[in-house]
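# just a sequence and a predicted model for now, questions to come.
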Amino acid sequence: MQETANRLVDALLASYTQVGGINHLDGKNLPSQRVIAALTSDLLRLLFPGFFDEHVLPSSAIRETTTQRVESVVPRLEGELYKSLEYAPPASTRRAELPALARELTMHFVEALPAVRELLQTDVQAAYGGDPAALSQDEVIVAYPFVEAIAVQRMAHQLYLRKVALIPRIMTEWAHRRTGLDLHPGAEIGSHFFVDHCTGTVVGETTQIGSHVRLYQGVGLVARSLSGGQALRGQKRHPTIHDRVTIYAGATIMGGDTVVGAGSTVGANVFLTHSVPANSLVLAEEVRVKVLSKTERAGAFDYQI
Amino acid sequence: MQETANRLVDALLASYTQVGGINHLDGKNLPSQRVIAALTSDLLRLLFPGFFDEHVLPSSAIRETTTQRVESVVPRLEGELYKSLEYAPPASTRRAELPALARELTMHFVEALPAVRELLQTDVQAAYGGDPAALSQDEVIVAYPFVEAIAVQRMAHQLYLRKVALIPRIMTEWAHRRTGLDLHPGAEIGSHFFVDHCTGTVVGETTQIGSHVRLYQGVGLVARSLSGGQALRGQKRHPTIHDRVTIYAGATIMGGDTVVGAGSTVGANVFLTHSVPANSLVLAEEVRVKVLSKTERAGAFDYQI
Amino acid sequence: MQETANRLVDALLASYTQVGGINHLDGKNLPSQRVIAALTSDLLRLLFPGFFDEHVLPSSAIRETTTQRVESVVPRLEGELYKSLEYAPPASTRRAELPALARELTMHFVEALPAVRELLQTDVQAAYGGDPAALSQDEVIVAYPFVEAIAVQRMAHQLYLRKVALIPRIMTEWAHRRTGLDLHPGAEIGSHFFVDHCTGTVVGETTQIGSHVRLYQGVGLVARSLSGGQALRGQKRHPTIHDRVTIYAGATIMGGDTVVGAGSTVGANVFLTHSVPANSLVLAEEVRVKVLSKTERAGAFDYQI
């Protein structure tokens, strides 16, 4: 056994050396998925105090609890931000300046949380107001995956705006895993946003979304897959959605020049690659319905679809 | 540092007070996501003994193990049901009656589990019988996300029928997170149900589904997004699917008046907003296929889609 | 209480005995979901050393760490493989031979890991090269759900090729849960594969995929739902995708005879059930766009979709 194990270890070590590109040893110290997951979870509790706790949080304890949470979050966030800065230092910043920069980014981030909470309240209102299945805003916060996903995106967007590497995307991918909703930290999303059911919806990096926009599951606001690849970084590649637009399940809207005008409705499973004016109703062609006898049906089932 | 932390805490406390609506302090004690998650996981073990344990469960131990599990589940469920009743007390029920009502709901729920198991067995049979990739009913239970999702829905539906607030939805959203399958606790689902692959499929609150119905991933049985919003609560807003219907991936069927007749097949990515009779075959228009030369292709890629 | 609890336990025990089919007691010992989840997680650390750890892994420690990980993984994998062999013993193998066979399968599996790493490196390159939102190959590995899903499929495929029961599917369903990407362990997938956004994409058991293929979220490479059911096991039921094909979000491609020729592009939400030649551009019909006045719009919204 020992001999076999040694042989297996040698083969793996040789692979680590030769293949390269997919391991990370003695390189720059990447931010940790695990630390960021725990941190993001704690930040959600700062945003929605009392909602994700096992026991109710009395008003008399809220200052103490909030103080403890802030004191717990700040050094951990600072540590991860430092790793991110070390991994991808801003142009014209000396290494000695990075600790102070990590501290400054952390403070700005926590200071932005009240404004993030104000935006999130509009999202909760939009979710509650438009969904007859929701019994109360409390139910929306405690049970809807959407609230978690948009809260994480709005926090990660703050870091994205300050050009923090890796962390914003690790945060939103954590929420993506948990909710099925893939909101890139770069997307600019207006107030009163709601994604019903969440699963499979994708909002790409350079998407711009107005206020009072409602999406359903499986909607893609995506980029063309161009041969340009990495050369396209930084360009506007994803669509622009104006105010009061509703996009039904499975619709894909593609391209940086594509604009959906205010007040429009896009039907389910539409594939839209050009702009439409305000108040448009965009639908796929009518479906074909054929009523079959039993004998026909077996054939249709096997050969037509 | 201490001064800065104090300032951040003050800003957050001010936000909790001013923004309102998204925090929960000294209010009614909401049922806990965490407790309900652990509880639901234990209930799955009561439904499928021996399947979700690390070690095999011998017959000689089954009475003792089952007794322990029932004794562990009952008080926790009762506690959460009490919180739910306190949060949204039934009309004409006095507060002093709530503990007895929580106890009664708990007992009825556990008593219903054998009937739930009978229904689930038909689902496992449907999954196994229709999927050539399944090696055995054992594999279906141990590996298929569908079994977990439908088991949780069928349990949550029992609580929904007794008008329990919040808990049914927290249970199904827990399963939604884990499986990608969003089955509302209100949906009425017949026997021999199967959803292959699960991810992205949504079955809304007032959906009615017959027996032997098979869905694929990304199917939506959904409501129109109407301006009515909360005013529509309680109305039938989601479609009715009769017996022996198959609905392929990504099809969206919308509206409370929409009925899909027995024995019908709905093709992938169809958007259906009106009723179809029994034995219908519903397909989207034919796709266009264009074979391009290399030069044409680059253009098509960049500009046509 | 005690009496009630006893009654509930008796009812459940009666259900376990009578309903059958969905419980597992004194039967063959199934591989454990939990053990396999922990094992798969550890195998990912062997494939990508230093990426999923909290602290950076220095070169000086890599031999020791790798040795520890191999020594931890080997006996656990062997144990689960033994359970799988006991559950579904290969034809013409005596029970006494199973421990040696479990050992042999374990060794072959670990020996294959360096080759798996080489393939995975091409996948990471494909993900990075084609996605302008990716900052580095490091970000792809640390944040993209795709890397986890394809790594698990490529490992599970090794076990599938050796006809190991249950374990390969439990491994890929673990990744499916975490990433939303459902890659069956049986699928043959070429190099430089990438699935952007992952959620809802399904690749079926007998799918064959060439090299440099790129899929988006919600794509289905699936089988017809035939009345044959279990009788079809082992037949080619899922499509064949040749080299350099791009398939956009939500497209469903169905059937074992369906071949998508090299260099083709399939548009979003297409439902394709027949073969297309090389360099095809496959699109759904054009969408209908109607610009509505306010009054019309209310009607359209309520009645037309």
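Yep, that arrived. These figures come from a predicted structure and were not determined experimentally. Residues are numbered from 1 along each chain as shown, chains lettered A, B, ... in the order given.
# distance check, residue A:180 against residue A:168.
19 Å (CB to CB, to the nearest Å). Every C-beta, even on glycine, is put in place using the N, C-alpha and C of the backbone.
# out of those two, which sits in the busier spot?
Counted by other CB atoms under 10 Å in any protein chain shown, residue A:180 and residue A:168 do not tie: residue A:180 has more neighbours, with 30 against 26.
# just the pLDDT at the nearest residue to the more buried one once chain neighbours are set aside, thanks.
Among residues not flanking residue A:180 along the chain, residue A:199 sits closest, at 3.5 Å (CB to CB, 6 or more residues apart in numbering or on different chains). We note a pLDDT of 96 for residue A:199 in this prediction.
# pretty sure residue A:199 is touching residue B:183, no?
No. In this structure, residue A:199 is not within contact of residue B:183 by CB atoms under 8 Å, at 11.9 Å.
# need the residues touching each of those two.
residue B:176 (CB atoms under 8 Å, 6 or more residues apart in numbering or on different chains).
# ok, these two, which is more surrounded?
Using other CB under 10 Å as the criterion, residue A:199 and residue B:183 rank with residue A:199 on top: 32 against 29.
# show me what the most centrally placed residue in chain A is bridged to.
Centroid check for chain A by CA atoms, centre = their mean gives residue A:183 as the closest residue, at 2.7 Å. Note on residue A:183: beta-bridge partners by DSSP bridges are residue A:203.
# that one against residue A:204, yeah?
No. When contacts are counted by CB under 8 Å, residue A:183 is not listed as touching residue A:204 (9.3 Å).
# which ones are touching the residue nearest to residue A:180?
Listed by CB under 8 Å, 6+ apart, the contact set of residue A:199 reads A:179-181, A:217-218, B:176, B:180, B:182, B:199-200, B:202, C:180, C:199-200.
# can I get those residues in a markdown table including distance to residue C:48 and secondary structure?
Converted to a markdown table, the contacts of residue A:199 look like this (distance: CB to CB, whole Å; DSSP: H, G, I helix; E, B strand; the rest coil):
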| residue | distance to residue C:48 | secondary structure |
| --- | --- | --- |
| A:179 | 25 | helix |
| A:180 | 24 | coil |
| A:181 | 26 | coil |
| A:217 | 31 | coil |
| A:218 | 30 | coil |
| B:176 | 29 | helix |
| B:180 | 25 | coil |
| B:182 | 32 | strand |
| B:199 | 25 | coil |
| B:200 | 28 | coil |
| B:202 | 34 | strand |
| C:180 | 20 | coil |
| C:199 | 22 | coil |
| C:200 | 25 | coil |
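# for chain A, what spans make up the helices?
A:2-19, A:33-47, A:62-87, A:98-111, A:113-130, A:137-143, A:145-161, A:167-179, A:294-299 (DSSP state H).
# of these, which is nearest chain C?
helix A:2-19 (3.7 Å; CB to the nearest CB).
# can you count the residues close to residue A:129?
Residue A:129: 16 neighbours (other CB under 10 Å).
# same deal with residue A:216?
26.
# could you do the one 4 residues further on as well?
Residues near residue A:220, counting by other CB under 10 Å, number 31.
# need the pLDDT of it.
On the pLDDT scale, residue A:220 gets 97.
# show me the contacts for it.
A:201-202, A:251-254, C:197, C:216-218, C:249-250, C:268.
# any idea which of the helices of chain A has the lowest pLDDT on average?
helix A:294-299 - the lowest mean pLDDT of these, at a mean of 55.
# same list (the helices of chain A) but as a markdown table, adding distance to chain C.
Below are these laid out as a markdown table (distance: least, CB to the nearest CB, whole Å):
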| stretch | distance to chain C |
| --- | --- |
| helix A:2-19 | 4 |
| helix A:33-47 | 6 |
| helix A:62-87 | 8 |
| helix A:98-111 | 16 |
| helix A:113-130 | 13 |
| helix A:137-143 | 19 |
| helix A:145-161 | 11 |
| helix A:167-179 | 5 |
| helix A:294-299 | 7 |
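# give me whichever of these is most buried.
Neighbour counts (mean count of other CB atoms under 10 Å in any protein chain shown) averaged over each of the helices of chain A peak at helix A:167-179, with a mean of 25.
# next, the angle from that one to helix C:145-161.
For helix A:167-179 and helix C:145-161, the angle between their directions (axes from the mean of the first three to the mean of the last three CA atoms, to 10 degrees) works out to 50 degrees.
# tell me what helix A:167-179 is packed against?
Helices and strands touching helix A:167-179, by 3 or more CB pairs under 8 Å, 6 or more residues apart in numbering or on different chains; DSSP states H and E, are helix A:33-47, helix A:62-87, helix A:145-161, strand A:182-183, helix C:137-143, helix C:145-161.
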